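In: I'd like to go over a predicted model; first the sequence, then the structure.
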Amino acid sequence: MLTRLKASGFKNLVDVDVYLGPFTCIAGANGVGKSNLFDAIVFLSALAEKPLLDAALSVRDEGGRTGDVRSLFHRVGSAPLEEMSFEVEMIVPAEALDDLGQPARATSTFLRYELVLAYRGEEGYRSVGGLELLKEQLTHINVGEAHAHLWFPHSYSRWRKSAVRGHRTAAFISTEGSGPDRKIKVHQDTGSAGKPRSYLARTLPRTALSAGSNAAEGPTVTMARKEMQSWRLLQLEPSSLRRPDVFTAPTKLATDGGNLAATLYHLAHDGIVGGSSGGMPAGAAESQVYARLANRLAELIDDVSSVYVDRDDRRELLTLQVTDRDGTTHPARALSDGTLRFLALAVLELDPRATGLLCLEEPENGIHPTRIPAMRDLLKAVTTNVFEPVGDDNPLRQAIVNTHSPAVVGEMDDQDLLVAELRETIRPEDESRFKRLALSCLSETWRARAGTPTATRGRLLAYLNPVSPKAEEARGRRGPSSGRTLSGRRVADRKDLQ
């Protein structure tokens with residue numbers, strides 16, 4: 001769970017410092033940089049798994065393409081900066097399996113990870129340029145310090161005590177020295193008792209975090225890596241959601257929505273849904289999973305009787321089916337885009353294996369404005385309940401969405417909202433001007449108490465009521481010579497609707 005993100009030098013993120021809770025909605029106009037914040041999160045996730053260059057090339061540039069490492073660095077005019085930095089605070093699961101399938105148990109679960117990268121285009125790198133590690137550090141936040149870092153409302157006795165554990169005095173990853181002799185060291189969880197692994201920073205092709213610590217020598221580094229790898233950008237594609245799955249398909253939902261039918265079938269038949277199958281016969285547990293999904297979908301669509309997965313043994317296919325109250329069955333290929341996205345999120349809600357951070361752009365796509373509260377409630381239900389202990393029925397999971405819809409903003413809880421806008425800034429070194437992403441919150445919320453700047457009342461009112469006043473010159477009316485009747489008017493201009 002990502003609780004704080006600081007980023008500078010990445011795209012238009014300059015001195016960004018944002019506190020995150022279980023659920024966050026970022027609202028702003030097109031082009032202000034909301035997606036750049038998602039890109040930073042996806043980049044950090046990729047750095048925990050891939051070599052530096054491959055991680056950089058996996059992030060889209062401003063044109064939606066990949067292949068230009070330099071495009072990831074912030075630009076002032078036409079000159080990109082040479083460095084970018086990140087600092088994250090995160091709560092990691094206490095236990096998981098490492099890459100070899102061995103159980104790992106973190107000695108500390110509240111961690112701070114710092115990373116500084118520089119662009120290097122010298123001889124020896126590919127033509128696209130390369131990245132060099134200037135700093136990498138993984139340290140702990142002790143239990144006694146947690147209250148000063150977790151600003152969102154939560155239960156200390158139930159949630160925090162189950163999520164935040166451990167004490168430590170030494171770093172798990174540290175950077176020592178400078179220049180060409182700079183070294184990155186990975187320390188064992190036993191602290192000074194074990195000899196650290198040391199790497200020359202300028203020749204490292206990847207972060208030390210991603211280098212493959214295992215459960216035996218570095219369980220906390222392993223858990224940090226697993227947590228960051230679980231940060232995902234969901235781009236739910238209707239074509240992927242509509243496809244039936246073969247029997248051998250993966251049983252976890254893909255980032256594009258693939259494996260939807262296989263995932264639901266697995267959840268219903270293998271008895272892993274928290275709170276649904278304990279002590280029940282297999283058939284009863286399956287029925288309860290399908291009933292929970294149907295009840296959730298009924299919040300979006302009134303005409304829902306049941307949801308299930310049809311198993312075709314002859315063709316070896318699994319197909320998601322929805323039955324309406326008239327008894328008519330509709331396969332996934334016949335459902336609307338909005339319904340399919342809603343179903344995918346509802347399946348994620350049921351899956352205790354789906355942990356970490358989920359990023360979702362414009363969740364209102366395909367949803368009728370009157371049904372936006374149903375989508376909001378589902379998104380919040382997907383996240384961890386911070387007033388109950390962390391467990392299989394309450395996994396450590398959070399969501400961040402971005403939107404430019406006034407209807408979505410108006411339905412959000414005020415404490416969940418961040419307002420994004422472009423702000424012109426003057427660089428003190430040379431007085432050059434540039435625009436950066438600025439994030440603000442609503443007054444009298446926990447983010448305001450944490451020190452986040454607050455949005456002005458006028459800015460919020462303008463966002464919630466975007467319909468401009470009627471202006472004859474803006475309406476583009478044609479004159480009498482056009483032969484048209486000039487009796488038309490905007491719906492928003494009707495007096496009975498004012």
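Out: Great, that's in hand.

In: can you list the weak-confidence ranges in this protein?
Out: For the chain, the stretches flagged by pLDDT under 70 are 61-67, 78, 122-129, 191-194, 272, 274-282, 467-492, 494, 497-498.

In: Could you point out the longest helix of it?
Out: helix 282-298 (DSSP state H).

In: ok, and what's touching that one?
Out: By C-beta atoms under 8 Å, 6 or more residues apart in numbering, the surrounding residues in contact with helix 282-298 are 264, 267-269, 271, 273, 276-277, 280, 304-308, 322, 339, 342-343, 346-347, 349-350, 378. C-beta: built from backbone N, CA, C; applies to glycine.

In: Which among those count as buried?
Out: 264, 267-269, 273, 276-277, 304, 306-308, 322, 339, 342-343, 346-347, 349-350, 378 (16 or more other C-beta atoms under 10 Å).

In: Determine which residue lies closest to the centroid of this structure.
Out: Cys359 (2.6 Å; C-alpha atoms, centre = their mean).

In: Assign a three-state SS to that residue, would you?
Out: Following DSSP: H, G, I helix; E, B strand; the rest coil, the label given to Cys359 is strand.

In: I'd like to know how far it sits from Leu267.
Out: Distance, Cys359 to Leu267, using C-beta to C-beta, to the nearest Å: 23 Å.

In: now swap in Trp151 and tell me
Out: Distance of Trp151 to Leu267, computed by C-beta to C-beta: 34 Å.

In: Likewise for Leu52?
Out: In terms of C-beta to C-beta, Leu52 sits 37 Å off from Leu267.

In: Could you double-check that the residue nearest to the centre of the chain sits in contact with Phe38?
Out: Yes. Contact criterion C-beta atoms under 8 Å: Cys359 and Phe38 qualify, at 4.8 Å.

In: Give me the common contacts of those two.
Out: Joint contacts of Cys359 and Phe38 (C-beta under 8 Å, 6+ apart) are Leu233, Ile400.

In: ok so, going back, tell me the helix or strand right after the longest helix of the chain.
Out: As assigned by DSSP states H and E, the chain's next helix or strand after helix 282-298 is strand 306-312.

In: Now Gly177: closest residue in space, sequence neighbours ignored.
Out: Take Gly177 and drop its neighbours on the chain: the residue closest to it by C-beta to C-beta, 6 or more residues apart in numbering is Lys183, 5.5 Å away.

In: Pretty sure the one you found sits against Ala201.
Out: Yes. With contact defined as C-beta under 8 Å, Lys183 counts as touching Ala201 (6.2 Å).

In: the more surrounded of these two?
Out: More neighbours surround Ala201 than the other of Lys183 and Ala201, with 21 against 17 (other C-beta atoms under 10 Å).

In: show me what contacts the more buried one?
Out: So Ala201 contacts Glu132, Leu133, Leu134, Glu136, Thr175, Arg182, Lys183, Ile184 (C-beta under 8 Å, 6+ apart).

In: got these as JSON lines, with distance to Thr169 and secondary structure columns?
Out: Shown next, in JSON lines, are the contacts of Ala201 (distance: C-beta to C-beta, whole Å; DSSP: H, G, I helix; E, B strand; the rest coil):
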{"residue": "Glu132", "distance to Thr169": "30", "secondary structure": "strand"}
{"residue": "Leu133", "distance to Thr169": "25", "secondary structure": "strand"}
{"residue": "Leu134", "distance to Thr169": "25", "secondary structure": "strand"}
{"residue": "Glu136", "distance to Thr169": "19", "secondary structure": "strand"}
{"residue": "Thr175", "distance to Thr169": "18", "secondary structure": "strand"}
{"residue": "Arg182", "distance to Thr169": "24", "secondary structure": "coil"}
{"residue": "Lys183", "distance to Thr169": "21", "secondary structure": "strand"}
{"residue": "Ile184", "distance to Thr169": "20", "secondary structure": "strand"}
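
In: among these, which two are most distant?
Out: Across those, no pair lies farther apart than Glu132 and Lys183, at 13.2 Å, counting by C-beta to C-beta.

In: List the buried residues in the host helix or strand of Leu131.
Out: Element membership for Leu131, per DSSP H and E: strand 130-140. Within strand 130-140, the residues scored as buried using 16+ other C-beta under 10 Å are Gly130, Leu131, Glu132, Leu133, Leu134, Lys135, Glu136, Gln137, Leu138, His140.

In: how many neighbours does Ile367 have?
Out: Ile367 has 23 nearby residues by other C-beta under 10 Å.

In: repeat for Arg325
Out: The tally of other residues near Arg325 (other C-beta under 10 Å) stands at 11.

In: Please flag which of the contacts of helix 282-298 sit within helices.
Out: Short answer: those in helices (DSSP H) are Leu264, Leu267, Ala268, His269, Thr339, Phe342, Leu343, Ala346, Val347, Glu349, Leu350, Leu378.

In: From these, pick the one nearest Asp393.
Out: Looking across the ones in helices among the contacts of helix 282-298 and measuring by C-beta to C-beta, the closest to Asp393 is Leu350, at 10.3 Å.

In: if I read this right, that closest one contacts Leu260, doesn't it?
Out: No. The criterion here is C-beta under 8 Å, and Leu350 misses it with Leu260 at 12.0 Å.

In: Strands of the stretch 101-250 of the chain, start to end?
Out: Ranges of strands within the stretch 101-250 of the chain are 103-105, 110-120, 130-140, 173-176, 183-186, 197-200, 232-234, 245-246, based on DSSP state E, counting those that start in this stretch.

In: residues touching the nearest residue to Thr383 once chain neighbours are set aside, list them.
Out: Nearest residue to Thr383 in three dimensions, chain neighbours excluded: Pro22, at 4.0 Å (C-beta to C-beta, 6+ apart). Listed by C-beta under 8 Å, 6+ apart, the contact partners of Pro22 are Met1, Phe152, Lys380, Thr383, Thr384, Asn385, Val386, Gln398, Ala399.

In: so who does the nearest residue in space to Asp377 that is not next to it in sequence touch?
Out: Among residues not flanking Asp377 along the chain, Glu299 sits closest, at 7.0 Å (C-beta to C-beta, 6+ apart). Contacts here follow C-beta under 8 Å, 6+ apart; on that basis Glu299 touches Arg371, Ala374, Asp377, Leu378.

In: Give the phi and psi angles for the second one, as a check.
Out: Translated: Ala374. Per-residue torsions, Ala374: phi -70, psi -40 (degrees, to the nearest 10).

In: That one - how many residues pack around it?
Out: If you count neighbours by other C-beta under 10 Å, Ala374 ends up with 19.

In: Distance of it relative to Asp337?
Out: 16 Å.

In: repeat for His140
Out: Counting by C-beta to C-beta - His140 and Asp337 are separated by 44 Å.

In: what sits in contact with each of Lys183 and Ala201?
Out: Taking C-beta under 8 Å, 6+ apart as the contact rule, Lys183 and Ala201 both touch Thr175.

In: give me every residue that touches the residue lying closest to Pro180 once chain neighbours are set aside.
Out: Leaving aside its sequence neighbours, Pro180 sits nearest to Arg202 (C-beta to C-beta, 6+ apart; 5.8 Å). Listed by C-beta under 8 Å, 6+ apart, the contact set of Arg202 reads Glu132, Leu133, Pro180, Arg182.

In: hey, where'd the helices end up in this structure?
Out: 34-47, 52-57, 161-163, 219-229, 238-242, 260-269, 282-298, 337-350, 372-382, 406-411, 446-449, 457-464.

In: out of those helices, nearest to Thr107?
Out: Nearest to Thr107 among the helices of the chain is helix 219-229 (5.3 Å), distances taken as C-beta to C-beta.

In: returning to what we had before: would you tell me which of the strands of the stretch 101-250 of the chain gets closest to Arg165?
Out: Of all these, strand 110-120 comes closest under C-beta to C-beta, at 8.0 Å.
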